[in-house]
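In: below: sequence and its predicted model.
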Amino acid sequence: MTARSVEQHAQHVAGLLAPLHERPAEEIPLGEALGRALAADVHSPVDLPLFRNSQMDGYAVDAASIASIPAVLPVRGVIAAGPAGTTTHTPGTAYRIMTGAPIPDGADAIVPVEDTEAADGQVRIERSRTAGEFVRERGSDVRKGMLLLPAGSVLAARHIAVLAAVGLQRILVRPRPRIAVITTGAELVDAGTTLHAGEIYDSNGIALASSARANGAEVVSITRSGDDPAEFRTLLAEATTTADLVLTSGGVSMGDFEVVKETLSPLGGHFGHVAMQPGGPQGTAVVDGTPVLNFPGNPVSTLISFEVFARPEIRRAAGLPPTEPEELPLAAAVTSIPGKRQFLRARRTDAGVELVSGPGSHLVAAMAWADVLLDVPADVTSLDAGQLVKVIPL
Ligand SMILES: Nc1nc2c(c(=O)[nH]1)N[C@H]1C(S)=C(S)[C@@H](COP(=O)(O)OP(=O)(O)OC[C@H]3O[C@@H](n4cnc5c(N)ncnc54)[C@H](O)[C@@H]3O)O[C@H]1N2
Ligand code: MOO
């Protein structure tokens, strides 16, 4: 059986995952919007600042009255930031005013308190100010109706700040793909369980779920099946009721207990080899109308399969920008397997990109130490020190 290329399999996966991109935008509270992508342009419903206000704690005056200094002006009152009626300025007088408080109509400058001395209902001003100084004009930041943030903006705290400042409570964002994770293997147990001979901790469940979340997905369930096809089929049926995409790990290769392959092959699943390492054995299926990606069980294979096949589609569905590969020099020469695209674990150093491990797909600690995958094309078997190479940021 000839292996598919990575590009061919990625294209096949993209076709299966097309429904992820058709889900409608959803309206959510602003407080839950961190990291979400705006589904539509947001225009400001108001001017910002909302009203003309003081930039300093000090005195609201008219610049003309303090043109010659020192000037001594009667203080007509105190204006705090907060609910207030309108006040009107009389030339030659001052109001004590706080930062953010509305400026009296007719006042055109604020004198910071540091440049003043108050006594007996009067203020002595030691320094002139020109009209407009320390005055925050209404609409000087944004005008009502102006584009605040374009569709596609991925909301960071600063974006949420301005949406809150204009008083928006709910916003329209791209939906998060709902993902279910099923791990398989009779050897798997939860952390915190006493290990018996032959057992290992299930790391792929939490790893795939974390990968999905890190790329904008909502994880609806993480479950685990032993090697019994009926058990796996039941979990799958449950998963497809809530998920837009199911990710599985393990059970896809050439062993006697390949629960995923055994269950899904008769249901029209496709299982075969992709010319890559790690991540060679791959499966795909559509179950009850829901796409299912079947990644190999080795911990590094599972994570790299996610990076290569699932991450681009999940990010796109969530409205997140793609992770762009980088070109960096190689610290030391590298050899690679002929005929397979290799994704080697590496990290950026001052000397260039450096491998952190050999190619073994069980080396889960080395995967953690990597910050990039060195992407070696299938037809390349050696790379020289200093050569520019393609890396995929993790
Ligand atoms: N005769 C052949 N054997 C294998 C081939 C092959 O082509 N011919 N391919 C190898 C490659 S490459 C990979 S990758 C694995 C894929 O195997 P499966 O997807 O069937 O995965 P399992 O056999 O279930 O597990 C492989 C390995 O990973 C460990 N594992 C599985 N699930 C988890 C988990 N949730 N958390 C932590 N570790 C997990 C499992 O214990 C095994 O060690 O097949 C090769 N064999
Ligand atoms: O291709 Mo498998 O995923 O190396 O270990």
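Out: Perfect, thanks for sending it. Ligands and ions are numbered 1, 2, ... in the order given.

In: list the buried residues of the helix or strand containing A209.
Out: Remark: A209 resides in helix 204-214, with elements defined by DSSP states H and E. For helix 204-214, burial by neighbour count (16 or more other C-beta atoms under 10 Å) applies to 204-209, 211-212. To be clear about C-beta, it is placed using only N, CA and C from the backbone, and glycine gets the same treatment.

In: what's the domain layout of the chain?
Out: 6-23+175-318, 26-48+140-173, 53-136, 326-393 (automatic domain parsing).

In: which of those is buried the deepest?
Out: domain 6-23+175-318 (a mean of 20; mean count of other C-beta atoms under 10 Å).

In: is any residue of it near ligand 2?
Out: Yes. Domain 6-23+175-318 is in contact with ligand 2 by C-beta under 6 Å from any ligand atom, via 277-280, 296, 298, 301.

In: which residues of the stretch 201-350 of the chain lie near ligand 1?
Out: 202-205, 249-255, 258, 278, 280-281, 296-299, 301.

In: quick one: contacts for the closest residue to M254 other than its chain neighbours?
Out: Nearest residue to M254, sequence neighbours excluded (C-beta to C-beta, 6 or more residues apart in numbering): P281, at 7.8 Å. By C-beta atoms under 8 Å, 6 or more residues apart in numbering, P281 lies in contact with 252-254, 271-274, 296.

In: make TSV out of those and add pLDDT.
Out: As requested, the contacts of P281 are exported to TSV (pLDDT from 0 to 100):
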residue	pLDDT
V252	95
S253	89
M254	84
F271	96
G272	95
H273	96
V274	97
P296	97
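
In: now, the most widely separated pair of these?
Out: M254 and V274 (14.7 Å; C-beta to C-beta).

In: so what pLDDT did P83 get?
Out: Model confidence at P83, given as pLDDT, is 86.

In: does it count as helix, strand or coil?
Out: coil (DSSP: H, G, I helix; E, B strand; the rest coil).

In: returning to what we had before: so which of the buried residues of helix 204-214 comes closest to G139?
Out: A212 (42.6 Å).

In: I'd say that closest one and I314 touch.
Out: Yes. Counting by C-beta atoms under 8 Å, A212 does reach I314; the two are 6.4 Å apart.

In: please identify the helix or strand for I28.
Out: strand 26-29.

In: so who does P29 touch?
Out: Per C-beta under 8 Å, 6+ apart, neighbours of P29: 169-170.

In: partners of it in the sheet?
Out: R170 (DSSP bridges).

In: any idea how far it is from ligand 2?
Out: 41 Å (C-beta to the nearest ligand atom, to the nearest Å).

In: same thing with R96?
Out: 72 Å.

In: hang on, the earlier thing: narrow the contacts of P281 to those in strands?
Out: 271-273 (DSSP state E).

In: including distance to I110, could those residues go into JSON lines?
Out: Shown next, in JSON lines, are those (distance: C-beta to C-beta, whole Å):
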{"residue": "F271", "distance to I110": "73"}
{"residue": "G272", "distance to I110": "73"}
{"residue": "H273", "distance to I110": "73"}
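
In: start to end distance for stretch 78-87?
Out: 10 Å (C-alpha to C-alpha, to the nearest Å).

In: just stretch 182-190 next, same as before
Out: 13 Å.

In: so does it get close to ligand 1?
Out: Yes. Counting by C-beta under 6 Å from any ligand atom, ligand 1 has neighbours in stretch 182-190: 183, 185, 187-188.

In: among those residues, which one lies nearest to ligand 2?
Out: Checking the residues of stretch 182-190 next to ligand 1 against ligand 2 with C-beta to the nearest ligand atom, the nearest one is G185 at 14.4 Å.

In: that closest one reaches G250, doesn't it?
Out: Yes. Applying C-beta under 8 Å as the test, G185 and G250 come out as touching, 4.7 Å apart.

In: what do those two both touch?
Out: By C-beta under 8 Å, 6+ apart, the residues touching both G185 and G250 are G297.

In: tell me which helix or strand comes right after the longest helix seen in the chain.
Out: What stands out as the longest helix in the chain, according to DSSP state H, is helix 229-242. Of the helices and strands lying after helix 229-242 in sequence (DSSP H and E), the nearest is strand 245-249.

In: which strands and helices lie in contact with the longest helix of the chain?
Out: Applying 3 or more C-beta pairs under 8 Å, 6 or more residues apart in numbering; DSSP states H and E, one finds that helix 229-242 makes contact with strand 178-184, strand 218-225, strand 245-249, helix 259-264, strand 281-287, strand 290-295.

In: residues in contact with R129?
Out: 61, 63, 66, 109-111.

In: which one of those is nearest T130?
Out: A63 (5.5 Å).

In: work out for me the element the nearest residue to E117 once chain neighbours are set aside sits within.
Out: Distances taken as C-beta to C-beta, 6+ apart put R124 closest to E117, at 4.5 Å, once the chain neighbours are dropped. For R124, the host element (DSSP H and E) is strand 122-125.

In: elements contacting that strand?
Out: Against strand 122-125 (3+ C-beta pairs under 8 Å, 6+ apart) you get strand 58-61, strand 71-79, strand 94-97, strand 116-119.

In: need the ones you listed in JSON lines with distance to D288 and mean pLDDT, can you?
Out: Below are those laid out as JSON lines (distance: least, C-beta to C-beta, whole Å; pLDDT from 0 to 100):
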{"stretch": "strand 58-61", "distance to D288": "68", "mean pLDDT": "98"}
{"stretch": "strand 71-79", "distance to D288": "65", "mean pLDDT": "97"}
{"stretch": "strand 94-97", "distance to D288": "66", "mean pLDDT": "98"}
{"stretch": "strand 116-119", "distance to D288": "75", "mean pLDDT": "95"}
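
In: perfect, that will be all.
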